[in-house]
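Q: only geometry, no sequence info:
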């Protein structure tokens, strides 16, 4: 791939079981794309996610029932006002609303098309006002223009911050904090460094790298991979949260056709609003 051209679709890597530091070392050596393309992909992020939902409609992501296992005590205990940023087409919101009849769920995404899919879901009108969806770029637009300040008990940021350039992470976290109640809960899950997907980016002949641990997919959407210390540093710089737990989650995914067992790596954490 020339750095003057649109990056091609990512291709599968040859997976190896021992890659704990492989991605980190390779990322440090890989040069980024030219500044023009870096600026273009970052500035057009919302457009590319809108095209993603135009192509895939509501069929790409599965409903996130794993929240029942990972965060059941947060989402199922009495009257709660929650906000899901990066809601997509509602794969988390509607299962959560079904589980807890006393839950009120705000949902936002910077893809207008994704929000339209949420509003078209039968559960949206059927929820009798318990689900409220709106368009917002949380990296650049104030959430308090849509939601009263300090009104949210639980805020979910799940596979969202990875789609935002790292230079905007701290301001994004401050934006999230602005609508949370004191002692409110932020739940986080996102891609970790040395994840299989990062190794696949780094296995390409010419790597579609925008910044350290930040890459562009074949559909022009971005993906950032988090290190624990980086995330802790961003939270500390934000100054609005107290960490309760942060851990690296490893999941083995079996590809029976290729007879491979592949490792996925995520960071998962819970913070309290000061």
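A: Nice, I can see it. In this text, all values refer to a predicted model and were calculated from it rather than measured experimentally.

Q: The stretch 151-274 of the chain: helices as residue ranges?
A: Using DSSP state H, counting those that start in this stretch, the helices of the stretch 151-274 of the chain run over residues 169-178, 196-203, 228-238.

Q: got those as a markdown table, with mean pLDDT columns?
A: Listed next are the helices of the stretch 151-274 of the chain as a markdown table, based on pLDDT from 0 to 100:
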| stretch | mean pLDDT |
| --- | --- |
| helix 169-178 | 98 |
| helix 196-203 | 92 |
| helix 228-238 | 97 |
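
Q: what bits of the stretch 151-274 of the chain have low per-residue confidence?
A: Along the stretch 151-274 of the chain, segments meeting pLDDT under 70 span 254-261.

Q: where along it do the strands fall?
A: Ranges of strands within the stretch 151-274 of the chain are 152-158, 180-191, 209-211, 214-216, 222-224, 241-255, 260-273, based on DSSP state E, counting those that start in this stretch.

Q: strands paired with the fifth one, and their directions?
A: For strand 222-224, sheet partners with direction are given as strand 214-216 (antiparallel), following DSSP bridges.

Q: now the strand it pairs with: how far from the chain's centre is it?
A: 14 Å (Cα atoms, centre = their mean, to the nearest Å).

Q: re earlier: among the helices of the stretch 151-274 of the chain, which comes closest to residue 114?
A: Closest approach to residue 114 among the helices of the stretch 151-274 of the chain (Cβ to Cβ): helix 169-178, 17.9 Å. C-beta coordinates here come from the backbone N, C-alpha and C atoms, glycine included.

Q: thinking again about what came up before, quick one, which of the helices of the stretch 151-274 of the chain is nearest to residue 42?
A: Per Cβ to Cβ, nearest to residue 42 of these: helix 169-178, 12.8 Å.

Q: Tell me what angle that closest one forms with strand 152-158.
A: Inter-element angle recorded for helix 169-178 and strand 152-158: 150 degrees (by axes from the mean of the first three to the mean of the last three Cα atoms, to 10 degrees).

Q: And helix 169-178, what does it pack against?
A: Contact here means 3 or more Cβ pairs under 8 Å, 6 or more residues apart in numbering; DSSP states H and E; on that basis helix 169-178 packs against helix 228-238.

Q: helices or strands next to the helix it packs on in the packing?
A: Secondary-structure packing of helix 228-238 (3+ Cβ pairs under 8 Å, 6+ apart): helix 169-178, strand 241-255, strand 260-273.

Q: could you dump these to a markdown table with distance to residue 51 and mean neighbour count?
A: Below are the helices and strands packed on helix 228-238 laid out as a markdown table (distance: least, Cβ to Cβ, whole Å; neighbours: other Cβ atoms under 10 Å):
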| stretch | distance to residue 51 | mean neighbour count |
| --- | --- | --- |
| helix 169-178 | 22 | 20 |
| strand 241-255 | 27 | 12 |
| strand 260-273 | 25 | 18 |
